[in-house]
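>>> predicted model, plus sequence, below.
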Amino acid sequence: MQKFKELGISEATLNALDGMGFTEPTPIQIESIPHTLQGTDVLGQAQTGTGKTGAFGIPLIDKVAEKQGVQALILAPTRELANQVAEQLRSFSKGQNVSVVTVFGGMPIDRQIKSLKKGPQIVVGTPGRVIDHLNRKTLKTESISTLILDEADEMMNMGFIDDMRFIMSKLPSENRQTLLFSATMPKAIQELVQKFMKSPKIVKTMSNELSDPQIDEYYTIVKELEKFETFTNLLDVQNPELAIVFGRTKRRVDELTSALISKGYRAEGLHGDITQAKRLEVLKKFKNDKIDILVATDVAARGLDISGVSHVYNFDIPQDTESYTHRIGRTGRAGKKGAAITFVNPVEMDYIRQIEKANKRQMTSLRPPTPGEVMQAKESDVKDKVKGWVESPIEGRIEKIAEELINVYGDQKLVAALLQELITSNNESDVQLTFEKPLSKKSGQRGNRGGGNSRGKSRTRFEGKNNKRRSNDKNSNFDRNKGKNTKPNKPRSKKQFSGRTFAEHSK
Ligand SMILES: Nc1ncnc2c1ncn2[C@@H]1O[C@H](COP(=O)(O)OP(=O)(O)OP(=O)(O)O)[C@@H](O)[C@H]1O
């Protein structure tokens, strides 16, 4: 197996990689790093979770180290992704004199201006805020020699094509190296971006399937009104380590989050109407195990790298195959296994077939858990919890109440009554989600997202009457969640990942 050293990476960067546990480069890193170091433009495509950030980020550190002024600009479609890329670059450059600054909307511009004045070598940002800084002349471009477009197809889907063109027009072009990476590269995008690049080297390390074989893919046929119950039943039976559940709209995400919280799950929502500070806080909580379920719109579909995500649930079927690929790619990362379960209304089955066809993979039908399986899962969950409770310190006054109750009812009867209450306690709360129309029946040709201008040129979109243009909610900034019930709930204990076993005997 090839080592980073053989790819021409410097000793200083090798030390940082060693500290991160990056012993061997991934295939996309092996294939693309030599070209990047030579200064060639690269169009890189590899499956989700296979190290594309390192593919452009590791050689970039060697390119910019010790230089003065902004050397590289990286554009990403969402603020979370910009932040994550910057964090990775800081890790790659540990111990070296490389400074990385992020610029994205929703955060105070003054602080960004101050950071830019200090002359970082690398700036990572979302297109809107980068343009803002270009117009204010607070982002100096004269020494930029590298432009990186991360998830370029998504930036185009979001309508950033003109913004990207504008940004490129403001950068030196003669000796500029342009790198573009994504897991999905629709033809229209390839054609379009090649105009911005100089004889790019196309590096593809995809297997035949677009979806990662590390991910077991299931679909569950369920009617709209039964979705929530089926979902919580699956959560109880599969007991994910961490789960991301995707809803189609912001309203759906808000309602689903409140409903999960009311049922005792540790969940929080993420969408474009939530303030940026809150969005970053929610992600931090998810990464630090303070919540188990992240409920999100497609704002979380691209690039987010959170280790421990064992399950992705598509509560609503995604509106196009690229979105499906990126959503499920939040699990099964860096060689780990994961499971993705897509809920499908009986009238939406054509969409499952389209995904299968596009990804050249069959999905497995997963029947909803039976009441008996759910009850069994709840019982074993409570048993696990009891162990922890018994081993934790218990206050004297509680011991006293226990003594009183045991004297009245006897210990077995008392424990049985309490267990029954624990196991069935959240069953009664009634949950009403606003009815979402299923995607309309049929089609399957290459679709257009509608909406005019440059949006919608790149996506293999399912066609149908209900396919309104996906709301570009990723960077808007209005906090609708204020005042919503976010009180902490009983944590649920973690069990071994059981998705596959369950699926196997439910085929
Ligand atoms: N050479 C390596 N050795 C070990 N771990 C690695 C290596 N390269 C990347 N990783 C880890 O693999 C995970 C996925 O990497 P990354 O986020 O770059 O994937 P990606 O291909 O950009 O995925 P996506 O398409 O979803 O954006 C990260 O946690 C990263 O730290």
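Okay, I see it. Numbers count the residues shown, from 1 in each chain.

>>> the top helix by length along the chain packs against which elements?
Assignment by DSSP state H gives helix 371-391 as the longest helix of the chain. The contact analysis (3 or more C-beta pairs under 8 Å, 6 or more residues apart in numbering; DSSP states H and E) places helix 371-391 against helix 227-238, helix 411-424. C-beta here means a position set from N, CA and C on the backbone, and glycine is covered the same way.

>>> can you say which of those helices is packed in most?
Ranked by mean neighbour count, these are led by helix 227-238 with a mean of 21 (mean count of other C-beta atoms under 10 Å).

>>> please compute how far it lies from its chain's middle.
21 Å (C-alpha atoms, centre = their mean, to the nearest Å).

>>> quick check: mean pLDDT of the longest helix of the chain?
What helix 371-391 shows for mean pLDDT is 89.

>>> check which residues of it are buried.
Glu373, Val374, Ala377, Lys378, Asp381, Val382 (16 or more other C-beta atoms under 10 Å).

>>> just to revisit the earlier point, can you redo the helices and strands packed on helix 371-391 as CSV, where the extra columns are mean pLDDT?
Listed next are the helices and strands packed on helix 371-391 as CSV, based on pLDDT from 0 to 100:
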stretch, mean pLDDT
helix 227-238, 96
helix 411-424, 89
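
>>> low-confidence stretches in the protein?
Counting by pLDDT under 70, the chain has low-confidence residues at 1, 194, 207-212, 426-429, 441-507.

>>> could you pull out the strands in the stretch 51-200 of the chain for me?
72-75, 100-103, 122-125, 146-150, 177-182 (DSSP state E, counting those that start in this stretch).

>>> contact partners for Val70?
Applying C-beta atoms under 8 Å, 6 or more residues apart in numbering, we find Val70 in contact with Leu116, Gly119, Pro120, Gln121, Ile122, Val123, Leu139, Lys140, Thr141, Ser143, Ile144.

>>> is it correct that the fourth one is in contact with Gln96?
No. No contact is recorded between Gln121 and Gln96 when judged using C-beta atoms under 8 Å, the distance being 9.8 Å.

>>> could you tell me which residues touch both of the two?
Ala65.

>>> more neighbours: these two, which one.
Remark: of Gln121 and Gln96, Gln121 carries more neighbours, 26 against 18, as counted by other C-beta atoms under 10 Å.

>>> kindly provide the distance from that one to Asp289.
Distance, Gln121 to Asp289, by C-beta to C-beta, to the nearest Å: 34 Å.

>>> how about the residues of this protein by the ligand?
Applying C-beta under 6 Å from any ligand atom, we find that the chain lies next to the ligand at 22, 24-26, 29, 46, 48-54, 183, 303, 305, 329, 333-334.

>>> now the buried members of these.
Taking 16+ other C-beta under 10 Å as the criterion, what is buried in the residues of the chain next to the ligand is 22, 25-26, 29, 46, 48-54, 183, 303, 305, 329, 333.

>>> mind listing which of the residues you listed are in helices?
Reading helices off those with DSSP H, I get Gln29, Lys52, Thr53, Gly54.

>>> nearest to Thr230 among the residues you listed?
Lys52 (34.2 Å; C-beta to C-beta).

>>> hmm, back to that, next, the angle from the longest helix of the chain to helix 411-424.
120 degrees (axes from the mean of the first three to the mean of the last three C-alpha atoms, to 10 degrees).

>>> how about the strands of the stretch 51-200 of the chain, which one is nearest Asp162?
Asp162 lies closest, by C-beta to C-beta, to one member of those: strand 72-75, at 13.2 Å.

>>> show me what contacts the single nearest residue of the stretch 151-300 of the chain relative to the ligand?
Using C-beta to the nearest ligand atom, the single residue of the stretch 151-300 of the chain nearest to the ligand is Ala183, 4.0 Å away. By C-beta under 8 Å, 6+ apart, the residues touching Ala183 are Gln45, Ala46, Gln47, Thr48, Lys52, Leu210, Thr325, His326, Gly329.

>>> the fourth one is in contact with Gly338, isn't it?
No. Proximity of Thr48 to Gly338 does not meet the contact threshold set by C-beta under 8 Å, at 10.2 Å.

>>> need the overlap of contacts for the two.
Contact criterion C-beta under 8 Å, 6+ apart; residues shared by Thr48 and Gly338: Ile328, Gly332.

>>> thinking again about what came up before, ok, the contacts of Val70 vs the ligand, which is closest?
Nearest to the ligand among the contacts of Val70, with distances taken as C-beta to the nearest ligand atom, is Ile122, at 15.9 Å.
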